[in-house]
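Novice: sequence below, structure please.
(chains A and B)
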Number of protein chains: 2
Amino acid sequence: MGRPAAGRSVTAKVLALLEAFTPEAQALTLTELARRADVSLPTAHRRAMELVAWGALERGPDSRFRIGLRLWEVASLAPRGLGLREAAMPFMEDLYEVTHENVQLAVRAGLELVFVERISGRDAVPVRTRVGGRFALHATGVGLVLLAHAPVEVQEEMLASPLRGYSAKTTTDPVRLREVLADVRRRGYAVSDGQVTTDALSVAAPIRDANDEVVAAVSLVVRADGAEPAALAPLVRTAARGITRRLASPVG
Amino acid sequence: MGRPAAGRSVTAKVLALLEAFTPEAQALTLTELARRADVSLPTAHRRAMELVAWGALERGPDSRFRIGLRLWEVASLAPRGLGLREAAMPFMEDLYEVTHENVQLAVRAGLELVFVERISGRDAVPVRTRVGGRFALHATGVGLVLLAHAPVEVQEEMLASPLRGYSAKTTTDPVRLREVLADVRRRGYAVSDGQVTTDALSVAAPIRDANDEVVAAVSLVVRADGAEPAALAPLVRTAARGITRRLASPVG
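Specialist: The predicted model follows:
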């Protein structure tokens, strides 16, 4: 968005139509779609109808466009999306059954993380996340794990940029954050105590692929009041190791 | 696929590159990608690199292409994908905790169904399904529910086409299938007893949207041996009604 339409490839123009949809704008009129994708109304109409014909978009009785089921089907083949999710789900179920708290699975995308799965107990502490949603790396437990194991240049870029404070307890000092990341690597897990919302504490551990690289993180998010991170860590680390083992030798 | 490349729109050519990926072919070389999308090697290369730049595809150290995380993020906005899933998940968790069996959520796509969620107990009876995967409508519990509430023309098309037998117990006679569908509508739930694999029995119920239209189905799949569908039906129907209520008035 914002780039002049003429300079973009046709592929980019098609993708701009998909990119027009966001969590805040899940159903768009043709006019909204054209404006957000920065293309003319006739172009938006022609391409949108092609996307509808294929199933990448759907058009409801309200004549608004929405992301289509067929795109979701194809996208479910993303190895870091549902593929990872399938490997992780049984272990996340175990964590959920034992605790009835929030269990989250996330991967890194640049300087942010994307939540690929979440299980929430009805009475668990409310969390600000959504499957498919993004969040900064420096505040959440999963984010700290992913950042601690990211390439050095990613860490340096993160430490050099302004660190947003989500609560009074968010680590916004780069020197302190560097120490936290070293701790995460040494201990094998991360603790985020009230750093996103003051009432929540999360404990997260790294998930590795067959090449021993950290590709995801799993966390348990509980009420901060009375939480014992040192007692929760073995649970989360065990789940992470189980998922790591499954990724190394997938079954059925 | 199969259509001559020249007659296709550029949008169609871009989508053909995405469509090249299937559950059986999740990682493709450039040559495979070009062949499957029916475009020249230079075209495949140029467009694939544009898709990689945007994040619709990812290229691994093995230089194979895979579906990218960014496409999955956008696709997660599909109202019949993860949106439905978010509404359904708490009720599916309840069904799982009470039974420790397989819990499935599906929507209709033409004459097939797409599984949008699944929770499986470690010791639950094995099922042939995959999140994001498709299955015929006439064999599974969720499929029978979706078919029973599909528009008449969809039912007629299904009944007029050959009905594949997955096991000796699959209903392949259209006259009998018509009776089964009437039963499903009258009773408010469907039972598939050994009609996919002889060792599994599923009980499914309809989920309705705010306009009272059936938009999805939820099922419990248990070992056929000793199963009591009449005892399972109230459980599944209750979960389906809970999800229906949530879809009518989404929260937070």
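
Novice: near chain B, which residues of the stretch 101-250 of chain A?
Specialist: When proximity is defined by CB under 8 Å from any CB of the partner chain, the stretch 101-250 of chain A lies next to chain B at A:107, A:109, A:114, A:116, A:119-122, A:126, A:130-132, A:134. Heads up, the C-betas are built off the backbone N, CA and C, glycines and all.

Novice: narrow those to those in strands?
Specialist: Members of those lying in strands (criterion: DSSP state E): A:Val107, A:Ala109, A:Val114, A:Val116, A:Ile119, A:Arg134.

Novice: tell me the buried residues within the residues you listed.
Specialist: Among these, those that count as buried by neighbour count (16 or more other CB atoms under 10 Å in any protein chain shown) are A:Val107, A:Ala109, A:Val114, A:Val116, A:Ile119, A:Arg134.

Novice: hang on, the earlier thing: confidence-wise, which of the ones in strands among the residues of the stretch 101-250 of chain A next to chain B comes last?
Specialist: When those are compared on pLDDT, A:Ile119 comes out least confident, at 86.

Novice: distance of it from A:Ala204?
Specialist: A:Ile119 sits 15 Å away from A:Ala204, going by CB to CB, to the nearest Å.

Novice: if we can go back for a sec, grab the two from the buried ones among the ones in strands among the residues of the stretch 101-250 of chain A next to chain B that are most spread out in space.
Specialist: With distances taken as CB to CB, the most widely separated pair in these is A:Ala109 and A:Ile119, at 21.3 Å.

Novice: show me what counts as buried in the longest helix belonging to chain A.
Specialist: Assignment by DSSP state H gives helix A:229-248 as the longest helix of chain A. Neighbour-count burial for helix A:229-248, with 16+ other CB under 10 Å as criterion, is recorded at A:229, A:232-233, A:235-237, A:239-244, A:246-247.

Novice: and for stretch A:190-202?
Specialist: A:Ala190, A:Val191, A:Ser192, A:Asp193, A:Gly194, A:Gln195, A:Val196, A:Thr197, A:Ala200, A:Leu201, A:Ser202.

Novice: just the C-alpha atoms of the helix or strand that contains the second one, please, in PDB.
Specialist: Taking DSSP states H and E as the criterion, the element that holds A:Val191 is strand A:190-193. Listed next in PDB are the C-alpha coordinates belonging to strand A:190-193 (Å, rounded to 0.1, in the frame of the first residue of the first chain):
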ATOM      1  CA  ALA A 190      11.600 -17.500  29.300                       C
ATOM      2  CA  VAL A 191       9.300 -15.800  31.900                       C
ATOM      3  CA  SER A 192       7.200 -12.800  31.100                       C
ATOM      4  CA  ASP A 193       5.800 -11.500  34.400                       C
END
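
Novice: the spatially closest residue to A:Phe135 that is not a sequence neighbour pairs with what?
Specialist: With CB to CB, 6 or more residues apart in numbering or on different chains as the measure, A:Leu113 is the residue that lies nearest to A:Phe135, at 5.5 Å, once sequence neighbours are left out. Using DSSP bridges, the bridge partners assigned to A:Leu113 are A:Arg108, A:Phe135.

Novice: gap between A:Leu113 and B:Asp94?
Specialist: For A:Leu113, the distance to B:Asp94 under the criterion CB to CB works out to 28 Å.

Novice: looking at the two, which is more packed in?
Specialist: Neighbour comparison, A:Leu113 and B:Asp94: the larger count goes to A:Leu113, with 27 against 16 (by other CB atoms under 10 Å in any protein chain shown).

Novice: got a list of what the more buried one touches?
Specialist: For A:Leu113, the set of contacting residues under the criterion of CB atoms under 8 Å, 6 or more residues apart in numbering or on different chains consists of A:Ala106, A:Val107, A:Arg134, A:Phe135, A:Ala136, A:Leu137, A:Thr140, A:Val142, A:Gly143, A:Leu146, A:Ala217.

Novice: one more pass at 7 Å, please.
Specialist: With contact set as CB atoms under 7 Å, 6 or more residues apart in numbering or on different chains, A:Leu113 has these partners: A:Ala106, A:Val107, A:Arg134, A:Phe135, A:Leu137, A:Val142, A:Gly143, A:Leu146.

Novice: list just the nearest of these to B:Arg36.
Specialist: Here the nearest of the contacts of A:Leu113 to B:Arg36, counting by CB to CB, is A:Val107; it sits at 26.5 Å.

Novice: what's the neighbour count on A:Thr22?
Specialist: A:Thr22 has 12 neighbours, counted by other CB under 10 Å.

Novice: okay, and the beta partners of it?
Specialist: Assessed by DSSP bridges, A:Thr22 has beta-bridge partners A:Ala25.

Novice: next: A:Ile207.
Specialist: On DSSP bridges, the residues paired with A:Ile207 through beta bridges are A:Ala216.

Novice: ok, it touching A:Ser219?
Specialist: No. Under the contact definition of CB atoms under 7 Å, A:Ile207 does not touch A:Ser219, with a separation of 10.8 Å.

Novice: the two: who's more crowded?
Specialist: Set A:Ile207 next to A:Ser219 and count neighbours by other CB under 10 Å: A:Ser219 wins out with 33 against 30.

Novice: give me the three-state assignment for the more buried one.
Specialist: For A:Ser219, the secondary-structure state derived from DSSP: H, G, I helix; E, B strand; the rest coil is strand.

Novice: burial check on the closest residue to it other than its chain neighbours, number of neighbours?
Specialist: Take A:Ser219 and drop its neighbours on the chain: the residue closest to it by CB to CB, 6+ apart is A:Ala204, 3.6 Å away. For A:Ala204, the tally of surrounding residues (other CB under 10 Å) stands at 30.

Novice: show me where chain A has its strands.
Specialist: In chain A, strands defined by DSSP E lie at A:57-59, A:65-67, A:102-109, A:112-119, A:134-136, A:190-193, A:200-208, A:214-223, listed in chain order.

Novice: how long is stretch A:69-85 end to end?
Specialist: Length of stretch A:69-85, first residue to last, CA to CA, to the nearest Å: 19 Å.

Novice: and that stretch, how far from the chain's centre?
Specialist: Shown here is stretch A:69-85, whose average C-alpha point lies 14 Å from the average C-alpha point of the whole chain (CA atoms, centre = their mean, to the nearest Å).

Novice: and what of stretch A:43-51?
Specialist: Using CA atoms, centre = their mean, the distance from the centre of stretch A:43-51 to the centre of the chain it belongs to is 29 Å.

Novice: and what of stretch A:35-49?
Specialist: Once both centres are worked out by CA atoms, centre = their mean, stretch A:35-49 turns out to sit 29 Å from its chain's centre.

Novice: report whether it contacts chain B.
Specialist: Yes. Contact of stretch A:35-49 with chain B (CB under 7 Å from any CB of the partner chain) involves A:Arg47.

Novice: got the contact list for that stretch?
Specialist: Around stretch A:35-49, the neighbours that count as contacts under CB under 7 Å, 6+ apart are A:1, A:5, A:13-14, A:16-17, A:20, A:28, A:30-31, A:33-34, A:57, A:65, B:11.

Novice: need the helix or strand of chain A with the lowest average pLDDT.
Specialist: Taking mean pLDDT, DSSP states H and E as the measure, the helix or strand of chain A with the lowest value is helix A:84-99, at a mean of 87.

Novice: I'd like to know which elements that one is packed against.
Specialist: Using 3 or more CB pairs under 7 Å, 6 or more residues apart in numbering or on different chains; DSSP states H and E as the contact definition, the elements that helix A:84-99 packs against are strand A:102-109, strand A:112-119, strand A:214-223, helix A:229-248.
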